[in-house]
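Undergrad: only geometry, no sequence info:
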Ligand code: MRU
């Protein structure tokens, strides 16, 4: 496992390791309401596709708890109960769904929460407990899936000892262990002294702040580079593979991931370096036919103007700040998942 907890459900609150403060401070943010969780996702206290999904599951639970709290000691009828849940569940779903649009894991997790049956008179009484059990099990399921992906990836990549990664697809971006970094952890656990080159990942520096922090914490060799150095690195050093995460993988095998992923994939192909996306099946969206149909989140231009309150551009400047890009299937050597390594979109459909 990774040596830190990204999130934890303790005494009715969701505790999040504040990713906006890393690597300098390891602070916990306590979320006690649906609104707290929505804010934490929007402001990227918690980020990374699977971690957003897990946090949203607890946000959903907190929303349900608040909804039912006022009714507990009242003698309300089944009909009242039904009406409260009918409307309230929709509001909770929508509040969480609109926090960040690109990672499909958020929607996946909310749909998993919606499966909990609430419409029968007997079921409605212990609905809250069932929702709680569901959120806890989704978090555990994500960790277990990552461990499995790690094993499959380590088996597949064999003696791979030097990789390039982008953004943070680690324990911080998931319930724990990580996807791309999970594979790296599993390779390391087999006694291979794996070396990782991590891009800094402009503009929010998930690579410089988060990937470097979590790899160093788990004693995995990491060297930081700027995003613009990837081509030169792959031309001049022996890089065995590029391993990245994914926010959404569409039916045609396109991978939507952190801005900059596409450029790295093209450079990898040109340099003869295999390029793998590593993701759980909850990242696969077969309802969307291609990457270009996915809504790409555009974030505040201030993120590009500077960092941490330090602005280095002039104030009046036209700025474009998409948070993600699309890597077409043709640049992807494989997608490492808990169901095995998927080579193309045909296999994606066959394994579903
Ligand atoms: O904007 P972020 O930090 O949430 O973006 C994260 C990424 O793009 C990750 O690579 C992706 O979510 C996969 S995490 C296992």
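TA: Arrived safely, thanks for sending. None of these values were measured; they are calculated from a predicted model.

Undergrad: Let me know the secondary structure of the residue nearest to residue 105 when sequence neighbours are not counted.
TA: Excluding its sequence neighbours, the residue lying closest to residue 105 (Cβ to Cβ, 6 or more residues apart in numbering) is residue 53, at 3.5 Å. Every C-beta, even on glycine, is put in place using the N, C-alpha and C of the backbone. Counting by DSSP: H, G, I helix; E, B strand; the rest coil, the backbone at residue 53 sits in helix.

Undergrad: can you pull the contacts of residue 53?
TA: Listed by Cβ atoms under 8 Å, 6 or more residues apart in numbering, the contact partners of residue 53 are 103, 105-106, 108-109, 138, 142, 282.

Undergrad: Pull up the gap between residue 63 and residue 135, please.
TA: Per Cβ to Cβ, to the nearest Å, residue 63 is found 11 Å from residue 135.

Undergrad: go on, residue 52?
TA: In this view, residue 52 and residue 135 are 14 Å apart by Cβ to Cβ.

Undergrad: Kindly report the residues of the stretch 251-352 of the chain close to the ligand.
TA: Taking Cβ under 6 Å from any ligand atom as the contact definition, the stretch 251-352 of the chain meets the ligand at 257-258, 323.

Undergrad: would you list those in TSV and tack on pLDDT, secondary structure and neighbour count?
TA: As requested, these are exported to TSV (pLDDT from 0 to 100; DSSP: H, G, I helix; E, B strand; the rest coil; neighbours: other Cβ atoms under 10 Å):
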residue	pLDDT	secondary structure	neighbour count
257	98	strand	30
258	98	strand	28
323	98	coil	20
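
Undergrad: of all the residues you listed, which comes closest to the ligand?
TA: Each of these was scored against the ligand by Cβ to the nearest ligand atom, and residue 258 proved nearest at 3.3 Å.

Undergrad: residues in contact with the closest residue to that closest one other than its chain neighbours?
TA: Counting by Cβ to Cβ, 6+ apart, residue 258 lies nearest to residue 167, which is 3.7 Å off, once chain neighbours are set aside. Taking Cβ under 8 Å, 6+ apart as the definition of contact, the neighbours of residue 167 are 173, 199, 201, 206-207, 211, 244-245, 257-258, 260-261.

Undergrad: Tell me the confidence at residue 167?
TA: The confidence metric pLDDT takes the value 98 at residue 167.

Undergrad: Pretty sure it sits in a strand.
TA: No: assessed with three-state DSSP, residue 167 is coil; it does not lie in a strand.

Undergrad: Phi and psi next, for it.
TA: Backbone geometry at residue 167, expressed as degrees, to the nearest 10, gives phi 60, psi -150.

Undergrad: ditto for residue 199
TA: Residue 199 has phi and psi values of phi -80, psi 150 when expressed as degrees, to the nearest 10.

Undergrad: doesn't residue 207 make contact with it?
TA: Yes: Residue 199 sits in contact with residue 207 when judged by Cβ atoms under 8 Å, with a separation of 4.6 Å.

Undergrad: residue closest to the middle of the chain?
TA: For the chain, the residue whose C-alpha lies nearest the mean C-alpha position (Cα atoms, centre = their mean) is residue 49; its distance is 2.0 Å.

Undergrad: Pretty sure that one sits against residue 255.
TA: No: no contact is recorded between residue 49 and residue 255 when judged using Cβ under 8 Å, the distance being 11.4 Å.

Undergrad: So whichever strand or helix holds residue 128, near the ligand or not?
TA: The secondary structure element spanning residue 128 is helix 127-157 (assigned by DSSP states H and E). No: Helix 127-157 lies out of reach of the ligand by Cβ under 6 Å from any ligand atom, never closer than 8.5 Å.

Undergrad: any idea how far that helix is from the chain center?
TA: 13 Å (Cα atoms, centre = their mean, to the nearest Å).

Undergrad: What ranges in the chain fall below the confidence cut-off?
TA: 70, 72-76, 121-124 (pLDDT under 70).

Undergrad: domains of it?
TA: Using automatic domain parsing, the domain parsing of the chain gives 7-142, 158-351.

Undergrad: between these, which one is nearest to residue 150?
TA: Ranking the domains of the chain by proximity to residue 150 (Cβ to Cβ) places domain 158-351 first, at 3.4 Å.

Undergrad: right, and residue 252 touches residue 329 too?
TA: Yes: applying Cβ under 8 Å, one finds residue 252 in contact with residue 329, separated by 6.0 Å.

Undergrad: what is in contact with these two at once?
TA: Shared contacts of residue 252 and residue 329, defined by Cβ under 8 Å, 6+ apart, are found at residue 345.

Undergrad: okay, now residue 89: neighbour count?
TA: Here the number of neighbours of residue 89 (other Cβ atoms under 10 Å) works out to 20.

Undergrad: can you give me the helices for this structure?
TA: When assigned using DSSP state H, the helices of the chain occupy the ranges 34-42, 49-69, 78-97, 104-114, 121-125, 127-157, 180-189, 212-217, 230-236, 261-271, 302-305, 345-350.
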